[in-house]
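S.K.: What would the 3D arrangement of this be:
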Amino acid sequence: MISSPVRRDRLVIFTRYPQPGQTKTRLIPALGPEGAARLQRQMTELTCDRARQLRAAGVGDRRDLDIEICFTGGDRQGMQQWLGDDLLYKTQGDGDLGDRLARAVDRAFASGAERVVVVGIDCPHLETPILQQAFSALDRAPVVLGPALDGGYYAIAVRRPCPQLFEGIAWGSDKVFQQTIDKCSDLCIKPALLPPLADIDRPEDLDRLPDPLGRTLLAKISTIIPVLNEAERVRDTLASVTRGANVEAIVVDGGSRDDTPAIVESTGVRLLHSPPGRALQMNAGARAATGSILLFLHGDTRLPSGFETVIREILTRPGVVGGAFPLAIDSQQPGLKLLATVANWRSHLWQMPYGDQGLFVPREIFWDLGGFPELPIMEDYEFVRQLQRRGRIALAPTPVQTSARRWQQLGAFKTTAINQAIVLGYTLGVSPERLARWYRQSRDRP
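M.R.: Predicted coordinates for the structure are as follows:
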């Protein structure tokens with residue numbers, strides 16, 4: 001018995017390499033360049049995952065599905081490293097969107113495909129059954145369209161090349177779908193229609209993002225900065241915070257006698273006052289925060305560019321309940337560089353970051369743990385120990401920059417010895433009050 005040959009279909013996914021500032025530019029005012037690029041990345045990955053599900057399920061009797069990534073920006077190697085080597089990769093080439101669509105369709109048929117579906121990545125609700133429906137509808141109609149709510153279309157499927165469908169269309173306008181319907185009428189084609197879906201192109205579209213994607217990308221971050229006499233450094237710290245998208249800064253002053261409060265007020269950042277004590281100040285800031293993510297930052301520590309995108313991405317990882325940044329000390333001294341390296345190994349291997357590493361945690365988990373224990377010392381160490389029992393504490397890829405002053409005042413070796421002695425004493429059960437007195441005496445002693 002001779003079996004019938006396997007027929008091939010092709011699903012073409014139009015996307016762009018997620019370079020910050022070069023993709024989803026209309027969303028930059030709401031998400032920032034890094035956040036807009038992250039959304040591009042996540043929606044592309046989501047579309048590819050659903051395409052793979054379709055390929056695994058099959059698109060009909062004795063049919064194989066090829067998945068092609070038709071991209072712009074970046075290069076083939078970068079795209080393959082990002083999305084995997086089980087997909088085909090082709091550049092979109094020159095011309096307007098119509099030229100590029102027609103070229104992709106012609107190329108797919110030339111390679112032996114019998115049915116071709118082209119989709120974008122802007123519709124997070126474009127799920128596997130709709131992709132299946134696009135192919136199936138070609139059995140009864142020569143053209144299938146997926147209308148978008150903004151007047152465009154998110155999918156077009158054809159049984160043969162038809163370059164006329166892409167000519168004379170006002171791409172990027174709300175007339176794209178209707179003009180394509182009119183083209184079909186001129187060609188005596190009656191298209192089949194898929195369910196209408198929402199594109200995510202503009203800030204007002206972000207409310208349509210499905211959870212958890214929407215919650216993560218739109219999550220507001222409240223950065224809480226306890227300060228005491230930080231006039232020399234707080235301005236730089238605040239500058240690193242306020243450049244983040246959808247981020248609020250709250251400074252909690254513990255009774256500064258220098259110009260710290262005036263400097264904070266001059267920047268327009270919210271200033272609170274609290275009794276001195278890092279735990280008291282951070283909890284006061286957390287109570288006033290409006291974000292769903294809390295980031296605790298020392299007044300002499302600067303955040304890296306794009307920190308907000310990194311935080312949101314980390315907190316989407318399964319099992320992750322919090323995170324921190326690697327430590328970089330603002331000094332060229334070899335001893336301090338070695339000290340930062342050791343601290344980062346500790347954070348990575350034992351998931352024990354300290355407060356000067358920018359600890360971040362979902363607001364709900366923070367208050368479930370009761371906030372920072374209001375101890376005179378070791379409040380961050382104790383909080384992280386409790387957080388570890390909830391899940392994994394992740395380390396961000398880029399470091400914060402922390403002032404070297406604490407190590408330079410007494411010397412790197414003596415400062416480290418004092419800190420480790422405090423940790424050891426706390427672990428052995430010495431009272432925090434006694435440790436705090438000993439710590440102050442050790443630092444005050446010549």
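
S.K.: Just after the helix or strand of the chain with the lowest mean pLDDT, pick out the following helix or strand.
M.R.: When each helix and strand of the chain is scored by mean pLDDT, DSSP states H and E, helix 213-218 comes last, with a mean of 65. The helix or strand immediately downstream of helix 213-218 is strand 221-227, counting by DSSP states H and E.

S.K.: List the strands paired with that next one, with their directions.
M.R.: Using DSSP bridges, the strands paired with strand 221-227 are strand 247-253 (parallel), strand 293-296 (parallel).

S.K.: so which of those is the most packed in?
M.R.: strand 293-296 (a mean of 26; mean count of other C-beta atoms under 10 Å). (Each C-beta comes from the backbone N, C-alpha and C, glycine too.)

S.K.: Could you list the residues in contact with that strand?
M.R.: Under the contact criterion C-beta atoms under 8 Å, 6 or more residues apart in numbering, strand 293-296 has outside partners 219-226, 282, 286, 311-312, 315, 355, 358-363, 366, 380.

S.K.: Give me the buried subset of those residues.
M.R.: Buried members of the contacts of strand 293-296, scored by 16 or more other C-beta atoms under 10 Å, are 219, 221-226, 282, 286, 311-312, 315, 355, 358-363, 366, 380.

S.K.: can you tell me how far the nearest residue to residue 405 once chain neighbours are set aside sits from residue 271?
M.R.: Using C-beta to C-beta, 6 or more residues apart in numbering and skipping the chain neighbours, the partner closest in space to residue 405 is residue 300 (6.9 Å). Residue 300 is 17 Å from residue 271, where distance means C-beta to C-beta, to the nearest Å.

S.K.: Could I get the CA-only coordinates of stretch 54-67 as CSV?
M.R.: Listed next in CSV are the C-alpha coordinates belonging to stretch 54-67 (Å, rounded to 0.1, in the frame of the first residue of the first chain):
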residue,chain,number,x,y,z
LEU,A,54,0.1,23.8,17.5
ARG,A,55,2.9,22.0,15.8
ALA,A,56,2.9,19.3,18.5
ALA,A,57,-0.9,18.9,18.2
GLY,A,58,-0.9,18.8,14.4
VAL,A,59,-2.8,20.9,11.9
GLY,A,60,-4.5,18.1,10.0
ASP,A,61,-4.1,14.6,8.6
ARG,A,62,-0.6,14.0,7.4
ARG,A,63,0.5,17.6,7.6
ASP,A,64,3.7,19.0,9.0
LEU,A,65,4.0,22.5,10.3
ASP,A,66,7.1,24.7,9.7
ILE,A,67,7.4,27.8,12.0
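
S.K.: And that stretch, what's buried?
M.R.: Neighbour-count burial for stretch 54-67 flags 54, 55, 59, 65, 66, 67 (criterion: 16+ other C-beta under 10 Å).

S.K.: hang on, isn't the fifth one packed against residue 13?
M.R.: Same thing as residue 66. No. Contact criterion C-beta atoms under 8 Å: residue 66 and residue 13 do not qualify, at 11.3 Å.

S.K.: Remind me which helix or strand residue 180 belongs to.
M.R.: Using DSSP H and E, residue 180 falls within helix 176-186.

S.K.: Check which residues of that helix are buried.
M.R.: Buried residues in helix 176-186 (16+ other C-beta under 10 Å): 176, 177, 179, 180, 181, 183, 184.

S.K.: What is that helix packed up against?
M.R.: strand 143-147, strand 153-158 (3 or more C-beta pairs under 8 Å, 6 or more residues apart in numbering; DSSP states H and E).

S.K.: how much space between the closest residue to residue 41 other than its chain neighbours and residue 249?
M.R.: Nearest residue to residue 41 in three dimensions, chain neighbours excluded: residue 18, at 4.1 Å (C-beta to C-beta, 6+ apart). Computed as C-beta to C-beta, the residue 18 to residue 249 distance reads 27 Å.

S.K.: what's the answer for residue 433, then?
M.R.: From residue 433 to residue 249 the distance is 32 Å (C-beta to C-beta).

S.K.: in stretch 295-306, what counts as buried?
M.R.: Those would be 295, 296, 297, 298, 299, 300, 301, 302, 303, 304, 306, for stretch 295-306 by 16+ other C-beta under 10 Å.

S.K.: could you give the mean pLDDT of it?
M.R.: Taken as a whole, stretch 295-306 carries a mean pLDDT of 93.

S.K.: can you pull the alpha-carbon coordinates of that stretch into PDB?
M.R.: Extracted in PDB, the C-alpha atoms of stretch 295-306 (Å, rounded to 0.1, in the frame of the first residue of the first chain):
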ATOM      1  CA  LEU A 295      12.600  47.900  46.900                       C
ATOM      2  CA  PHE A 296      14.700  48.900  49.900                       C
ATOM      3  CA  LEU A 297      17.800  50.900  49.100                       C
ATOM      4  CA  HIS A 298      20.500  52.500  51.200                       C
ATOM      5  CA  GLY A 299      21.000  56.300  50.800                       C
ATOM      6  CA  ASP A 300      24.500  55.900  49.400                       C
ATOM      7  CA  THR A 301      23.700  53.200  46.800                       C
ATOM      8  CA  ARG A 302      22.900  53.800  43.100                       C
ATOM      9  CA  LEU A 303      20.700  51.500  41.000                       C
ATOM     10  CA  PRO A 304      21.700  50.300  37.500                       C
ATOM     11  CA  SER A 305      19.900  51.400  34.400                       C
ATOM     12  CA  GLY A 306      16.800  49.300  33.700                       C
END
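
S.K.: now it: how far from the chain's centre is it?
M.R.: On the basis of C-alpha atoms, centre = their mean, to the nearest Å, stretch 295-306 sits 17 Å off its chain's mean C-alpha point.

S.K.: and if you look at stretch 147-158?
M.R.: 27 Å.

S.K.: cool, and stretch 419-426?
M.R.: Worked out by C-alpha atoms, centre = their mean, stretch 419-426 lies 36 Å from the chain centre.

S.K.: swap in stretch 156-172?
M.R.: 34 Å.

S.K.: what does that stretch contact?
M.R.: Under the contact criterion C-beta under 8 Å, 6+ apart, stretch 156-172 has outside partners 96-99, 101-102, 105-106, 109, 114-118, 134-135, 137-138, 142-146, 175-176, 179-180, 183-184, 186-187, 189.
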